[in-house]
Every structure is written in C-alpha cells, then in structure tokens.
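Colleague: With the sequence up front, the predicted model follows.
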Amino acid sequence: MIGKLQCVVLDCHYPAGLAHFYAALLGGEVDRPDPRWSLDDEWSTVHLPGGEVLAFQRVEDYRPPMWPDPAHPQQLHLDVEVADLDEAERRAVELGAVPQTGDRGWRVCTDPAGHPFCLVLARQA
C-alpha cells in the first residue's frame, strides 16, 4: 500500500452548490474545517456520515459529462494521502503511473489508462 484515499474530487462550475446537493442527497456536513485543504470559491467539501469525503473543484470552462457519450467523459479524480511524496511517486511510477506535475504539497500522476490522480502530502491535525 502506498497511501490511503483522502477524497473523491469532482470537477464542476459551482463547488458550494454541488456540495450542498450531495449533502442533501447523501447526508453529511458541507465545508467542515479540515487541515487537509482550504475552503474557498474554488473548493468545497462534504464529510459524509461514514467518514468518506467528497470534494468539489471549480473548473473555469467546465463542460459537463454526457452519459454515455465518450466525447464528454466523466470528470473526477482520486486524492491519495501519503506520508512522503517522493517515495509515493516513485512507488506509483513502479506500478505504471506517469508523473505529470505538482508542487511541494501534491503531485499529479496518471494511471496506466491515463486517468489523473493526486498524491497529497498528509497534514497533521
């Protein structure tokens, strides 16, 4: 195991609105303070009753998916919390991931099929 799932991130135009939708649908608390990320107009979260977290990320030119049209694919990615970014990225690459970009707090990689995921540095509460 390299890390643990931190949250599932969905692209959208209005993060807070989508967070409130999913909180009404699934239960949970919108934008609960959490040291793992900041909350603003670009990012919103729902902490679900079972402990899972959904996150919503603003994308400027967001184009919604059109099920099942592959020309308008589904848009989400996984955030994987890790203790050491360099080691996690090295191990992910050994498994077939391709590094893309990032900074000191996270790294973006793609899985062998091209789906993006983020390795994010664990923060102490």
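Modeller: Right, received. Where do you want to start?
Colleague: Next, H20: phi, psi?
Modeller: When quoted as degrees, to the nearest 10, the phi and psi of H20 stand at phi -70, psi -40.
Colleague: ranges for the helices of the chain?
Modeller: Assigned by DSSP state H, the helices in the chain fall at 15-26, 85-94.
Colleague: Quick one: closest of those to H115.
Modeller: helix 85-94 (12.6 Å; CB to CB). (Glycine included, C-beta is placed from N, CA and C.)
Colleague: I'd like to know which elements that closest one is packed against.
Modeller: Here helix 85-94 touches strand 98-102, strand 106-110, strand 116-121, going by 3 or more CB pairs under 8 Å, 6 or more residues apart in numbering; DSSP states H and E.
Colleague: For P35, which of those is the nearest?
Modeller: Proximity to P35, assessed across the helices and strands packed on helix 85-94 by CB to CB, is greatest for strand 116-121 (11.6 Å).
Colleague: Count the neighbours of V46 for me.
Modeller: Neighbours of V46 under the rule other CB atoms under 10 Å: 25.
Colleague: For it, give its distance to K4.
Modeller: Distance from V46 to K4, counting by CB to CB, to the nearest Å: 18 Å.
Colleague: for the protein, which spans come out with low pLDDT?
Modeller: Along the chain, the parts satisfying pLDDT under 70 run over 124-125.
Colleague: coming back round to it: so which of the helices of the chain comes closest to C118?
Modeller: When the helices of the chain are compared by CB to CB, helix 85-94 sits nearest C118, at 10.4 Å.
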